[in-house]
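Engineer: All I have is the shape, not the residue letters:
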């Protein structure tokens, strides 16, 4: 797939398989593809409500208004009309799910910082770490929908760092042990994912065709 010939090293298997499902359902009729994009965009718009309430701690009414503005904003027209832009919608879907789940699992939406874990060890600790691992896997799914989705993984680390900084600033106790464990998990998943993708795509060198990147083949530098 990535050996010889033209390649831009794009690897988006989740997006590709959704196109396959569309084709199996209704062939090349474009209506089904557009309907799928619309439904996915609707799902992302609904997820904006918990994103606003969990991450921004916004009141429910403001969260609903924000989700409505997101759903109807003209900037999303391209994502709905261009079938190839389903990659952006899927990446957004997995990204939002990842952030929401990670914050809930780690307990960063509460003052107690307990999350799914009320104790250092035991089933609650396992539940917390499982939730954070699932959040990491959702981030990976976002990256396998569109490459920008992988940026969620360092964002999760940034959430941990920001939470620790706020705890120190406000004089609240911070659980450095659990934070270190979560950060180690995110970093491990990130490194493993990048190494696997690098190996699968045979490195990062691209060889794009003139149709994909005509500027590269332009002889006039001006």
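Structural biologist: Here it is on my side, so go on. The structure presented is a predicted model; accordingly, all values stated were derived computationally and were not measured. Residues are numbered from 1 along each chain as shown.
Engineer: List the contacts of the spatially most central residue of the chain.
Structural biologist: The residue lying closest to the centre of the chain (C-alpha atoms, centre = their mean) is residue 95, at 2.3 Å. With contact taken as C-beta atoms under 8 Å, 6 or more residues apart in numbering, residue 95 is in contact with 138-139, 142, 149, 152. (Glycine included, C-beta is placed from N, CA and C.)
Engineer: try residue 145
Structural biologist: Neighbouring residues of residue 145 by C-beta under 8 Å, 6+ apart: 12, 14-15, 87, 90-91, 93-94.
Engineer: Just among those, which is most surrounded?
Structural biologist: Greatest neighbour count in the contacts of residue 145, by other C-beta atoms under 10 Å, goes to residue 91: 27 neighbours.
Engineer: Pick out the most distant pair among the contacts of residue 145.
Structural biologist: Greatest spacing in the contacts of residue 145, by C-beta to C-beta: 12 and 93 (13.5 Å).
Engineer: from the contacts of residue 95, which is closest to residue 193?
Structural biologist: Among the contacts of residue 95, residue 139 lies closest to residue 193 (C-beta to C-beta), at 8.7 Å.
Engineer: Isn't that closest one up against residue 154?
Structural biologist: No - contact status for residue 139 versus residue 154: not in contact, 9.6 Å apart, counting by C-beta atoms under 8 Å.
Engineer: So for these two, which sits in the more crowded spot?
Structural biologist: Per other C-beta under 10 Å, whichever of residue 139 and residue 154 has more neighbours is residue 139, with 30 against 13.
Engineer: Which helix or which strand is home to the more buried one?
Structural biologist: Assigned by DSSP states H and E, residue 139 belongs to helix 123-143.
Engineer: List the buried residues of the helix or strand following that helix.
Structural biologist: Sequence-wise, the next helix or strand downstream of helix 123-143 (DSSP H and E) is helix 152-170. Within helix 152-170, the residues scored as buried using 16 or more other C-beta atoms under 10 Å are 152-153, 156, 159-160, 163-164, 167.
Engineer: same for the following helix or strand past helix 152-170, what does it pack against?
Structural biologist: Following helix 152-170 in sequence order, the next helix or strand is helix 176-200 (DSSP H and E). Packing contacts for helix 176-200, counted by 3 or more C-beta pairs under 8 Å, 6 or more residues apart in numbering; DSSP states H and E, involve helix 123-143, helix 152-170.
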